[in-house]
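Novice: Quick one, structure for this:
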Amino acid sequence: MNVSRPAVHPVEAPPPLTEAAAHGPRVRMKDVQGMPGTKGGLLLRIIQFIFAIISVSVMATTSDFRSATAFCYLVLAVGLQSFWSLSLAFVDIYALLVKRSLRNSIVIRLFTIGDGITSTLTFAAACASAGITVLIGNDLDKCALNHCTRFETATAMAFISWFAMSPSFLLNFWSLASQ
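Specialist: Just a heads-up that it's a prediction; the model follows:
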């Protein structure tokens, strides 16, 4: 009689789970509209650029904007923001055309730092210009001698440009923090 004997094969124990493996594999965040390399991001950059250019144009065509340092600071800050926004709009256009993701940590870090610096400068310049505009218009009652409506328009466009810059910065910062 031919009887088969059971054979015992040793089984290796699975490796201990680390904390990262216990929670499952890391999943990359989806490209949220408004982040670099998306259509929403390109739209935000174009809006930032348009309002920054309007602010610079209105302020620069005013003959006496050099009379207050805050107005000169506004022209400088919003001019820098328009250059930054236009540059990143071109990067977004390139990324969309070649269907490339801009999720590189170095690129995201550069975008986040640049957005943070330019948005802070623009906000500070818009606040300073708003303060000087209120001083000229309400406190000194010299709107007849100055171009108060142009100063107010340029300041409002700078605030709108900053408002359009905020989602770009926050989404880049969120993306940087989630890596």
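Novice: counting contacts, what elements does the one helix or strand Ile54 maps to pack onto?
Specialist: Using DSSP states H and E, Ile54 maps to helix 39-60. If contacts are counted by 3 or more Cβ pairs under 8 Å, 6 or more residues apart in numbering; DSSP states H and E, helix 39-60 sits against helix 69-97, helix 148-177. Where C-beta positions appear, they are placed from N, C-alpha and C, glycine not excepted.
Novice: Could you check the pLDDT of Met157?
Specialist: Per-residue confidence (pLDDT) for Met157: 96.
Novice: and the closest residue to it other than its chain neighbours, what does it touch?
Specialist: Spatially, and ignoring its direct neighbours in sequence, Met157 is nearest to Ser55 (3.7 Å; Cβ to Cβ, 6 or more residues apart in numbering). Ser55 makes contact with 74, 78, 154-155, 157-158, 161, according to Cβ atoms under 8 Å, 6 or more residues apart in numbering.
Novice: returning to what we had before: could the helices and strands packed on helix 39-60 be laid out in TSV, adding mean neighbour count?
Specialist: Listed next are the helices and strands packed on helix 39-60 as TSV, based on neighbours: other Cβ atoms under 10 Å:
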stretch	mean neighbour count
helix 69-97	19
helix 148-177	20
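Novice: Distance to Lys39 for these - can I get that in TSV?
Specialist: Formatted as TSV, these follow (distance: least, Cβ to Cβ, whole Å):
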stretch	distance to Lys39
helix 69-97	7
helix 148-177	13
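Novice: Please consider this matter closed, and thank you.
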